[in-house]
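Visitor: return atomic coordinates for the entry below.
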Amino acid sequence: MKITLFVPCFVDALYPQVAISTVRILEKLGHTIEVAEDLNCCGQPAFNSGCWAEARPVGERVLDRLRDAETVLIPSGSCGAMLRRFYPELFAGTPHEAAARALSAKVFEFSEFLVEKLGVTDLGARFPAKVTYHDGCHSLREMHIQSAPRKLLARVRDLELVEMKQVVCCGFGGTFSAKFPMISTAMGEVKCSEALATGAEYIVSCDSSCLMHVQGLIDRQKLKLKTIHLAEVLAAGMDAGYRMPDTGCRIQDTECPDTNEDGRADE
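Guide: Next up is the predicted model:
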């Protein structure tokens, strides 16, 4: 199958290892990957802020670029929901409505694609750690994805999955965290508390945006937790090029910058 990978802007800028892991997994499964390198943002920040007129030109570029794609895969439930669920609403009544609906039908989130589309649950991964899973709001409520990531984690060797007692929002919400920082922080602290109560070493999710917010709170509070995208967990131990992500550089052939005693990269 030819798969067009849409890498979200925050993954491209801050978490490239997520996209790299996604590509390696799909290539190992025998698929041809085309990365839509000329795309960056799906327009969700403007859309969520109510600026639909500003979001449409960004979305039109996405529609044009992905018009002929066979299958579009996004390693993010948030951006996946934007293309699948919200583009038809954003472009309703415009000349691009038909294109938005056509794109919506061929967009898949990473874990959903592996389990529901390909029927794959075991990638031969090994990740010796106790983890808990965070359901991103868009993944759960808009994409209705809940069982797929858990089916994948269940087949990872030496991994113990411990569920949190309640499913709560992490408080990020993109522009929500910028508009209401105190509420966002309080919600994130509840999420961290829930995760800590499980005794997990890692919080796993399909949304790097959620993990970015949670990791910031973890770092500031010096909690004994780490965050990691599901694609990185599944890539761990899959082949000799991967190792347990105990440092910022999670791929062995990636050169890490020299760091100072406080962990900052040298100039």
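Visitor: can you show me the strands along the stretch 101-250 of the chain?
Guide: 107-109, 126-133, 157-161, 202-205, 226-229 (DSSP state E, counting those that start in this stretch).
Visitor: ok, now which ones touch Leu26?
Guide: Ile3, Leu5, Ile33, Leu73 (C-beta atoms under 8 Å, 6 or more residues apart in numbering). Quick note: C-beta positions are derived from backbone N, CA and C, even for glycine.
Visitor: take those and keep only those in strands.
Guide: Judged by DSSP state E, strands contain the following of those: Ile3, Leu5, Ile33, Leu73.
Visitor: out of the strands of the stretch 101-250 of the chain, flag the one nearest Ala13.
Guide: Nearest to Ala13, of all the strands of the stretch 101-250 of the chain, is strand 226-229, at 14.5 Å by C-beta to C-beta.
Visitor: CA atoms only for the closest one - export them in PDB, please.
Guide: Extracted C-alpha coordinates of strand 226-229, given in PDB (Å, rounded to 0.1, in the frame of the first residue of the first chain):
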ATOM      1  CA  LYS A 226       8.600  10.100  31.400                       C
ATOM      2  CA  THR A 227       6.400  10.600  28.400                       C
ATOM      3  CA  ILE A 228       6.700   8.700  25.100                       C
ATOM      4  CA  HIS A 229       4.700   8.400  21.900                       C
END
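Visitor: what strands flank that strand, and is each parallel or antiparallel?
Guide: Here strand 226-229 has these sheet partners by DSSP bridges: strand 202-205 (parallel).
Visitor: quick one: mean pLDDT over the partner strand.
Guide: Per-region confidence: strand 202-205 scores 96 on mean pLDDT.
Visitor: mind listing what's buried in the lengthiest helix in the chain?
Guide: For the chain, the helix with the greatest residue count under DSSP state H is helix 181-197. Neighbour-count burial for helix 181-197, counted by 16 or more other C-beta atoms under 10 Å, picks out Ser184, Thr185, Met187, Gly188, Lys191, Cys192, Glu194, Ala195, Leu196.
Visitor: how far does the lowest-mean-pLDDT helix or strand in the chain sit from its chain's centre?
Guide: Lowest by mean pLDDT, DSSP states H and E among the helices and strands of the chain is helix 175-179, with a mean of 81. A distance of 19 Å separates the centroid of the chain from that of helix 175-179, by C-alpha atoms, centre = their mean, to the nearest Å.
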